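S.K.: Turn this into a model:
(2 chains)
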Amino acid sequence: MSSEHQDGGVWLDRALGAAAALLLFCLMAVTTVDVIGRYILNWPLRGGFEITELLLLTLIFAGLPLVSRADEHVTMDFIDAAFGERGRRVIRRIVDIVCGVIILALAWRVYVKAGKIAGYGDTTDILLIPVAPFVYFMALMVAITGIVHLVKAALPGAYRDDNKPFDPDKAGTT
Amino acid sequence: MTEALVGLGLMMVLALLRIPIAFSMGVVGFLGVAYLRDWNFAPAMAMVETKIYETGRNYTLSVIPLFILMGNFVSRAGMSKELFRAAYTFVGHLRGGLAMAAIVACAGFSAICGSSIATAATMAKVAYPAMKDIGYSDRLSTGAIASGGTLGILIPPSTLMVIYGVMTETNIGKMFAAGILPGILATVLLCIAVQWTVWRDPDSGPRGERSTWSQRLRAAEGVWAVVLLFVLVMGGIYGGIFTTTEGAGIGAFGAFCIAVSRRALTWRTLLDALVESGRTTAMLFVILTGALMFAEFVNYTTMPDDLKHLVTAFNLSPIMVITAICIIYVLLGTAMEELSMILLTVPVFFPLVVHLGFDPIWFGILVVVVVEIGLISPPVGMNLFVLKALLPNVSTTTLFLGVLPFVIADIIRLGILIAFPSISLWLPSMMR
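M.R.: Reported below is the predicted structural model:
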């Protein structure tokens, strides 16, 4: 049972990782083509602004479950010092349940928002791309993120790699 | 003001219970907005929906993944080696010269990378072994690399400046321009800290070999790609040729081309760089969205106004207020994670700072500098953790003691930047 879930998680990492990589590469390519087209060839990319905006939105929300899977949310861990190994696991389980519930509630609100946007039939200004499917995608990804937290809380071996080495190779945010 | 303070307290409690800071801020923001409307949850829910949707669909924010990607490409391209080599040929023969070369090379790397952590990590791999070889003390070498690495967020591009710009609606291009002169000042002061260390203990930083001018010129040629990328991206943004987003796109693409031309990218590393950048972006957006929800609540409370009245009532001079804010930041920075410290406090302090007539760009530079100090001040300093992870043989005590002269140099720099705002504001004032 447990390994089945783990496989599901690995599959999720691969699929969303590939999607995020592709989206980010496209984001870079679209901006570059837009600039070169405009200044060198005098031939701007039509609706480049809108494509960038929607690519960014998709990228962020495709990346969201990955962040939760990798436990990369910024957290203060002072409390860890006060507890032993078992206490720490209990705390993390509770935190994951709380996060899962909060995130599923968010997914519900984003789903409601998507319904409203679909209701007015909102599209982008130039390319007339309908916006609602993207917002439904947001809701789906937020829901998956919530489920990732709940599955983690339910799985027995979820917190075993607690002391995973710090990866210094990443261009972080600060 | 009470409700804002209760909110802040509750947020800290949740965060200390290990709830991710983004969700702690978001939950408090949501409850706070509902409370201010007499526990009517409809506006609070609408606020949450809008914040998530608007942060996600925001053209300006596309600079963030692109600059992060650029940083991930240049770190993998191994350009730190040439930068260190070039700096070494110029100052390596001086006492403490290799430590100064590491700092100058960090400054150079910062010009194409917006992350302090990545700058420190990449330089540690090149500069630490070189210093170890000729008998540098671990204190001096790690202190120089950790502090030099912090330049990553001061010298543009800078992820932190983008976040500050988005939160306060300050022009990001001008923020970038404002970072250049303080970055040069920082480099000089850190080199002085190296000199002070070797003056106290001459054995800690022995001289390297003197290079000839032809060696220097050849080494300088090796860094042309870094110079070109910086001039293209920052020159383009500064000169108004393209927007910040376009600059970031060109920067990422340029870094990609450099990495490919140096054969530093396999399919595997390309995929890693892209996925990691994507994940960091998503993480950052979560915490930014949470912070914006929290800020929405704080803005509805009387706290921003109360702070203004407090300053008037106690007859505090504006410069005293700024100094006090900076002292609070430096103290908080020793223990708190810096990004969340900024996201949490900027909504509270920013209206006050603007009310006192200060330039938002100048305050932004001060914020970046206090974060730099936080990154290297024990016990909780990200750059120290990076070095600890990369150099497991160096003890934590050595790291903490080694960085102290550099922390002092940084605090002196903060004082200079407070006293002379024109160092930060002169370059942006020339922009259109």
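S.K.: alpha carbons only for contacts and neighbour counts from here, please
M.R.: Will do.
S.K.: need the next SSE after the lowest-mean-pLDDT helix or strand in chain A, C-terminal direction.
M.R.: Lowest by mean pLDDT, DSSP states H and E among the helices and strands of chain A is helix A:2-39, with a mean of 85. Using DSSP states H and E, the helix or strand that directly follows helix A:2-39 along the chain is helix A:48-69.
S.K.: Who are the packing partners of that next one?
M.R.: Contact analysis of helix A:48-69 by 3 or more C-alpha pairs under 8 Å, 6 or more residues apart in numbering or on different chains; DSSP states H and E lists helix A:2-39, helix A:132-154, helix B:41-56, helix B:267-300 as its packing neighbours.
S.K.: Now render those helices as TSV, adding distance to A:I60.
M.R.: Shown next, in TSV, are these (distance: least, C-alpha to C-alpha, whole Å):
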stretch	distance to A:I60
helix A:2-39	8
helix A:132-154	9
helix B:41-56	7
helix B:267-300	5
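S.K.: Nearest to B:A144, out of these?
M.R.: Across the helices and strands packed on helix A:48-69, the minimum distance to B:A144, taken as C-alpha to C-alpha, is reached by helix B:267-300, at 26.7 Å.
S.K.: which secondary structure elements does the closest one contact?
M.R.: Against helix B:267-300 (3+ C-alpha pairs under 8 Å, 6+ apart) you get helix A:2-39, helix A:48-69, helix B:21-36, helix B:41-56, helix B:63-77, helix B:338-355.
S.K.: So which residues of chain B form strands?
M.R.: In chain B, no segments count as strands under DSSP state E.
S.K.: By mean pLDDT, point me to the weakest helix or strand of it.
M.R.: Ranked by mean pLDDT, DSSP H and E, the weakest helix or strand in chain B is helix B:303-313, scoring a mean of 88.
S.K.: Can I get that one in PDB, CA atoms only?
M.R.: C-alpha atoms of helix B:303-313 as PDB (Å, rounded to 0.1, in the frame of the first residue of the first chain):
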ATOM      1  CA  MET B 303      -1.800  50.400  12.800                       C
ATOM      2  CA  PRO B 304      -0.100  52.400  10.000                       C
ATOM      3  CA  ASP B 305      -1.800  55.600  11.200                       C
ATOM      4  CA  ASP B 306      -1.100  54.800  14.800                       C
ATOM      5  CA  LEU B 307       2.600  54.500  14.100                       C
ATOM      6  CA  LYS B 308       2.600  57.800  12.400                       C
ATOM      7  CA  HIS B 309       0.900  59.400  15.400                       C
ATOM      8  CA  LEU B 310       3.300  57.700  17.800                       C
ATOM      9  CA  VAL B 311       6.200  59.200  15.900                       C
ATOM     10  CA  THR B 312       4.600  62.700  16.100                       C
ATOM     11  CA  ALA B 313       3.600  62.300  19.700                       C
END
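S.K.: So for the chain, the centremost residue is which one?
M.R.: Looking at chain A here, since you left the chain open. Per C-alpha atoms, centre = their mean, the C-alpha nearest to the average position across chain A is that of A:L64, at 1.4 Å.
S.K.: wait, chain B
M.R.: Nearest to chain B centroid, counting by C-alpha atoms, centre = their mean: B:I153, 2.8 Å.
S.K.: Correct me if wrong: that residue contacts B:S110.
M.R.: Yes - shown here, B:I153 and B:S110 form a contact pair, counting by C-alpha atoms under 8 Å, at 7.3 Å.
S.K.: and for those two, which residues touch both?
M.R.: Contact criterion C-alpha atoms under 8 Å, 6 or more residues apart in numbering or on different chains; residues shared by B:I153 and B:S110: B:S116.
S.K.: count of residues packed around A:T145?
M.R.: With neighbours defined by other C-alpha atoms under 10 Å in any protein chain shown, the count for A:T145 comes to 26.
S.K.: same deal with A:R86?
M.R.: Count around A:R86 with other C-alpha under 10 Å applied: 9.
S.K.: Ok, B:D359 next?
M.R.: Using other C-alpha under 10 Å, B:D359 has 14 neighbouring residues.
S.K.: pretty sure the residue nearest to the centre of chain A contacts A:T145?
M.R.: Yes - if you go by C-alpha under 8 Å, A:L64 and A:T145 touch, sitting 6.5 Å apart.
S.K.: Show me which residues of the least confident helix or strand of chain B are buried.
M.R.: Burial within helix B:303-313, assessed by neighbour count using 16 or more other C-alpha atoms under 10 Å in any protein chain shown, is assigned to B:303-304, B:307-308, B:311.
S.K.: I'd like the distance from it to the chain centre, please.
M.R.: For helix B:303-313, the separation from the chain centroid amounts to 30 Å (computed by C-alpha atoms, centre = their mean, to the nearest Å).
S.K.: Show me what it packs onto, helices and strands only.
M.R.: Using 3+ C-alpha pairs under 8 Å, 6+ apart, helix B:303-313 is in contact with helix B:338-355.
S.K.: pretty sure B:A22 contacts B:T289?
M.R.: Yes - counting by C-alpha under 8 Å, B:A22 touches B:T289, with 7.4 Å between them.
S.K.: Can you pick out the residue with more neighbours from those two?
M.R.: Between B:A22 and B:T289, counting by other C-alpha under 10 Å, B:A22 is the more crowded of the two (28 against 22).
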